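In: model this:
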Amino acid sequence: MDGGNDGAAKPNFVRGRIITPGTEHQLGTFGLFPPSPGQRRTLRPTTLLLTAKNAEPELLWISFAEICDSRVSAAEYEVLARRHKTWVVDDVTTPEVDQPPHQSSAWHRFSTLVDVLYAHDDTLFLVGSGLSAGLARVAGRLSLLELVESADVLVTDPASGS
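Out: Coordinates of the predicted model:
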């Protein structure tokens, strides 16, 4: 899948953000509140079981390691993208400097996930420390998301949260 922007940006997708380091204040600015352990859910999009930190009809909150695990396929992404219109992927770290993202299978799956979410016009929030706009080298569509590096962000149209 190409990571480029084909035509006009999808309106819900561009509402997403890359948030670093991901403080509670930063998340709350966008109507997102870290899930409690009691909100953990086991999902079965196809035949694979995934553990989400929270899964509601409109919101999926899941870790990068879980959603980009080697067992996860594009079919799971498609099913989950139809079920959940807002995604929070947390615990994201930038790829190792000495390992190009295209050589990492987790980052390849992540790029596929971003393309699927873009196609479904789902809102994506990426949360982690040390994130940068350079993530666009992993998945070109991420260049459509605003980078939030400070807790002092003014929001005029916050996304719905947990």
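In: pretty sure residue 78 is touching residue 117, no?
Out: No. Residue 78 is not in contact with residue 117 according to CB atoms under 8 Å; the separation is 10.2 Å. Placement of C-beta: from N, CA and C, glycine included.
In: Neighbour count: these two, which is higher?
Out: More neighbours surround residue 117 than the other of residue 78 and residue 117, with 26 against 15 (other CB atoms under 10 Å).
In: residues contacting that one?
Out: Contacts of residue 117 were listed using CB atoms under 8 Å, 6 or more residues apart in numbering, and they are 13, 77, 81, 87, 124.
In: Could you point out which of those is nearest to residue 93?
Out: residue 124 (16.5 Å; CB to CB).
In: part of a strand, is the closest one?
Out: Yes. When DSSP: H, G, I helix; E, B strand; the rest coil is applied, residue 124 is found to be in a strand.
In: Could you check how far it is from residue 116?
Out: Taking CB to CB, to the nearest Å as the criterion, residue 124 is separated from residue 116 by 10 Å.
In: Looking at those two, which has the bigger crowd around it?
Out: A count of neighbours by other CB under 10 Å puts residue 124 above the other of residue 124 and residue 116, at 25 against 20.
In: So the closest residue to that one other than its chain neighbours versus residue 146, what's the distance?
Out: In this structure, residue 124 finds its nearest non-sequential neighbour in residue 16, 4.0 Å apart by CB to CB, 6 or more residues apart in numbering. Noted for residue 16: a distance of 8 Å to residue 146, by CB to CB.
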